[in-house]
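Asker: This is a predicted model, with the sequence first.
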Amino acid sequence: MGLFDQVAGQMLGGLAGGGGDGASPLMQLVQSLLQQEGGVMGLISKLQEGGLAAQVASWIGGGDNLPVSGEQIQQALGSDLLTSLGGQVGMTADQAGNGLADQLPGLIDKLSPGGSLEGNEQLLQQGLSMLGGLLGGR
C-alpha cells in the first residue's frame, strides 16, 4: 500500500489545504479533470498533445521534474475546459491553471515510481474516490 500512502499524503497535504468541511477547490478540480479526461492516462495524453510532452516525460521519468506554468496548462487543456471546471469549484481559469501547474508534476511523479504509470491508474482512481469521500464528497 506504499503507493496509495504516497498519493494520499500528496493529495491530503497539497490539495486539502487545511480543508474544513469539504475537499479543497483544487482537490475537486483535480478529480473533475481526471473524470473529464478519462483518468490519468487520458490527462497525460491531452497534456502531451497540447505541447507538454517533454514536461510530462520528466514527471514520469526518474530525473528532475520540469516545471510548467499555469499558462502552459491552460493552453494544453484549453481555456474553455479550465473555465468550466474552475467555475464549478469557484476558481478562474487562471487560478485553475496555476493550481494544476503546481500540483500535477509532483502527483504524476509520485504515481510513476520506476518511470511507469502502468497498473497505477486503477489505484489512483480508487484513492481519489476514497479521499473525495473522506474530504467531503458526501
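Answerer: It's in. Numbers count the residues shown, from 1 in each chain.
Asker: Okay, buried residues for stretch 77-84 please.
Answerer: 77, 81, 82, 83 (16 or more other C-beta atoms under 10 Å). For the C-beta atoms, the positions are set from N, CA and C on the backbone; glycine is no exception.
Asker: For the second one, which residues are in contact?
Answerer: Under the criterion of C-beta atoms under 8 Å, 6 or more residues apart in numbering, the contact partners of residue 81 comprise 33, 36.
Asker: In terms of helices and strands, where is it?
Answerer: Using DSSP states H and E, the element containing residue 81 is helix 79-88.
Asker: Tabulate the CA atom coordinates of that helix in PDB.
Answerer: Extracted C-alpha coordinates of helix 79-88, given in PDB (Å, rounded to 0.1, in the frame of the first residue of the first chain):
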ATOM      1  CA  SER A  79      -9.300  27.800 -21.600                       C
ATOM      2  CA  ASP A  80     -12.900  26.600 -22.100                       C
ATOM      3  CA  LEU A  81     -12.200  23.400 -20.100                       C
ATOM      4  CA  LEU A  82     -10.400  25.200 -17.300                       C
ATOM      5  CA  THR A  83     -13.100  27.900 -17.200                       C
ATOM      6  CA  SER A  84     -15.800  25.300 -16.900                       C
ATOM      7  CA  LEU A  85     -14.100  23.100 -14.400                       C
ATOM      8  CA  GLY A  86     -12.700  26.000 -12.400                       C
ATOM      9  CA  GLY A  87     -16.100  27.700 -12.300                       C
ATOM     10  CA  GLN A  88     -17.600  24.600 -10.700                       C
END
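Asker: and that helix, what's its mean pLDDT?
Answerer: Mean pLDDT, helix 79-88: 95.
Asker: quick one on the thing from earlier: could you dump the buried residues of stretch 77-84 into TSV with distance to residue 34 added?
Answerer: Output for the buried residues of stretch 77-84, formatted as TSV (distance: C-beta to C-beta, whole Å):
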residue	distance to residue 34
77	12
81	12
82	14
83	18
